[in-house]
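Asker: Just a sequence and a predicted model for now, questions to come.
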Amino acid sequence: MNTEGDGLGKTEQLTDTMFYIMAALTKPRHGYAIMSLIEKTTEGVVTIGPASMYTIIKKLLKQEWIYLHDSSGARRKVYQLTDKGRRVLEEDFKVRKRLIQLAEKGLKGEEV
């Protein structure tokens, strides 16, 4: 459910890269930790370079889906999901979960 325009609209959805970054930011993390977690979790299938990641981080900050958690480190800024970002991630997760279930059924030859 989209309340007060703070989530995803019916025609909107997160890109895969946005989803991966937001999923990594359920806990405070800096850029290198985000990239490393995604690469490790996907066993190297998905890698996100710094340029792509920081472009997306800027978009997520602008949407107020993440915030700068800590910038005390001279070189490492730490980000985390906002409550709004958590709701957006949860909505997108539900859609992706249904799509995975559809694919699983189809691949098993079950009626979809």
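Answerer: Perfect, I can see it now. Numbers count the residues shown, from 1 in each chain.
Asker: which helix in this protein runs the most residues?
Answerer: helix 83-107 (DSSP state H).
Asker: So which bits of it are buried?
Answerer: Buried residues in helix 83-107, defined by neighbour count with 16 or more other CB atoms under 10 Å: 84-89, 91-92. Using the backbone N, CA and C atoms, a C-beta is placed for each residue, glycine as well.
Asker: for stretch 28-39, same thing?
Answerer: Applying 16+ other CB under 10 Å to stretch 28-39 flags 29-31, 33-35, 37-38 as buried.
Asker: three-state assignment of the residue nearest to residue 96 when sequence neighbours are not counted?
Answerer: Leaving aside its chain neighbours, residue 96 sits nearest to residue 19 (7.3 Å; criterion: CB to CB, 6 or more residues apart in numbering). Residue 19 falls in the helix class when you classify it by DSSP: H, G, I helix; E, B strand; the rest coil.
Asker: separation between residue 19 and residue 52?
Answerer: With distances taken as CB to CB, to the nearest Å, residue 19 is found 13 Å from residue 52.
Asker: got it, and residue 85?
Answerer: Counting by CB to CB, the gap from residue 85 to residue 52 is 18 Å.
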